[in-house]
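>>> Build me a model from this:
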Amino acid sequence: MGAPAAGALTEAFEGERRGLFAHAYRMLGAYHEAEDVVQDTYVRALRGWGTFERRSSVRTWLYRIATNVCLNVIEGRGRRALSSGLGPDDLGPWLEPLPTDPADLVTARESVRLAFVVGLQHLAPRQRAVLLLREVLAFSAAETGEALGMSVPAVKSALQRARARLAEAAPARDDVLDASSPRARELLGRYMAAWEASDADAFREILRADASIDPVGSPASYDGREACLAFATPAMRTAGDWRMVATEANGQPAAVAWFRGEPFGVAVLTVAEDGILAITLFQNPQVAESFAPAPAPPCCEGSVRSAVGSGSGRLE
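Residues are numbered from 1 along each chain as shown. Down below sits the predicted model:
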């Protein structure tokens, strides 16, 4: 490939990079794997550019490559899951939160909300691809069929089944608040304060009666306020053991947590006006470090609280 041709492809690719990444993240539910898929897509596009016949747009062609790379990744996961005894609903080994980029104008927050992404992982891989191409990326049935090697009737049938399955796995809610809403930021601040002060009563005050805690990678989940408190209270330990930094993940308020000076993980909150609906826990020190640097020392606590209250994004 000559330099002008490579330059044209690279320019087209860079224009789609963020969208391709978001698509791969929705397909896989994993941040780092999505990054790898984007790089692999570029390499494959470079190799195929010379034979690209332009029967579709470059955008459609790039998404077709990315989708099929994702399907290969999922197939590889299936083989690893079988060998390790994991079931089809065991999401922990792969699921990761998505840091929110305030400058990102490509990715609609609703399309990367944690419940939606988790719900997608309950769909068969090709159903997932069909639903995302048709309903998130607005591909036509013919374009979707071409991307996946399916007939138009097969695409329509797969989309119908995907919608029904997703409605079961992740029913839509219209009461969930965006991370940028003042009430969401208030609840996040109170959540962090309760844990840093080891104040179970304060934690109780912000949980809805039907709240849940879902530790990713664990077969257990805790449904209902009392079950959440029974799980969380012993872990709150003593005041000062936990330090937290406010952030956003998947368009939702989130707290990056350190325990006794060591990175612990990220808690992603699903919140409504009347309290916290769900807490999804990613107990992974590497994820914590990828979201935010270590929190400010106690001497600077006042500035942290001020920043949370001001509605700023990630605190650094």
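
>>> Please make it C-alpha for all contacts and neighbour counts, starting now.
OK.

>>> So A154 versus E146, what's the distance?
Distance of A154 to E146, computed by C-alpha to C-alpha, to the nearest Å: 11 Å.

>>> How about V130?
11 Å.

>>> Tell me which of the two has more neighbours.
V130 (28 against 17; other C-alpha atoms under 10 Å).

>>> So that one is in contact with A158, correct?
Yes. Assessed by C-alpha atoms under 8 Å, V130 is found in contact with A158 at 6.8 Å.

>>> which residues touch A6?
Contact partners of A6, counting by C-alpha atoms under 8 Å, 6 or more residues apart in numbering, are L46.

>>> ok now the strand or helix carrying it, how far from the chain's centre?
For A6, the host element (DSSP states H and E) is helix 3-28. Helix 3-28 sits 20 Å away from the centroid of its parent chain (C-alpha atoms, centre = their mean, to the nearest Å).

>>> likewise stretch 237-256?
Relative to the centre of its chain, stretch 237-256 is centred 16 Å away, using C-alpha atoms, centre = their mean.

>>> Span of it from start to end?
In stretch 237-256, first residue to last residue: 17 Å (C-alpha to C-alpha).

>>> Quick check: the gap between A194 and W242.
Counting by C-alpha to C-alpha, the gap from A194 to W242 is 10 Å.

>>> so R161 touches Q127, yeah?
Yes. Taking contacts as C-alpha under 8 Å, R161 lies within contact range of Q127: 7.5 Å.

>>> Who has more neighbours out of these two?
Neighbour totals were compared for R161 and Q127, and Q127 leads with 21 against 16 (other C-alpha under 10 Å).

>>> What are the buried residues along the helix holding A6?
For helix 3-28, the neighbour count (16 or more other C-alpha atoms under 10 Å) marks 9-10, 13, 16-28 as buried.

>>> Now tell me which of those the prediction trusts least.
When the buried residues of helix 3-28 are sorted by pLDDT, the bottom entry is L9 at 86.

>>> Enumerate every residue touching that residue.
The contact partners of L9, by C-alpha under 8 Å, 6+ apart, come to 45-46, 49.

>>> Go again with 7 Å.
For L9, the contact set (C-alpha atoms under 7 Å, 6 or more residues apart in numbering) is empty.

>>> Buried residues of the longest strand belonging to the chain, list them for me.
Ranked by number of residues, the top strand in the chain under DSSP state E is strand 262-272. The neighbour-count check on strand 262-272 (16+ other C-alpha under 10 Å) flags 263-272 as buried.

>>> Y222 and R18, how far apart?
Going from Y222 to R18 by C-alpha to C-alpha gives 35 Å.

>>> Same question for A292.
21 Å.

>>> go on, R54?
Distance, R54 to R18, by C-alpha to C-alpha: 22 Å.

>>> same check, this time on F139
Separation of F139 from R18 (C-alpha to C-alpha) stands at 17 Å.

>>> Also A257?
Going from A257 to R18 by C-alpha to C-alpha gives 27 Å.

>>> how about the helices in the stretch 201-316 of the chain?
Using DSSP state H, counting those that start in this stretch, the helices assigned to the stretch 201-316 of the chain run over residues 225-236, 285-291, 301-309.

>>> Lowest average confidence across the ones you listed, which one?
helix 301-309 - the lowest mean pLDDT of the helices of the stretch 201-316 of the chain, at a mean of 43.

>>> closest to E75 among the buried residues of helix 3-28?
Nearest to E75 among the buried residues of helix 3-28 is L28, at 11.0 Å by C-alpha to C-alpha.

>>> Run through the residues that contact that closest one.
By C-alpha under 7 Å, 6+ apart, the contact set of L28 is 34, 70.

>>> 10 Å instead, please
22, 34, 37, 70-71, 73-74, 94-96, 117-118, 120-121, 125, 128 (C-alpha atoms under 10 Å, 6 or more residues apart in numbering).
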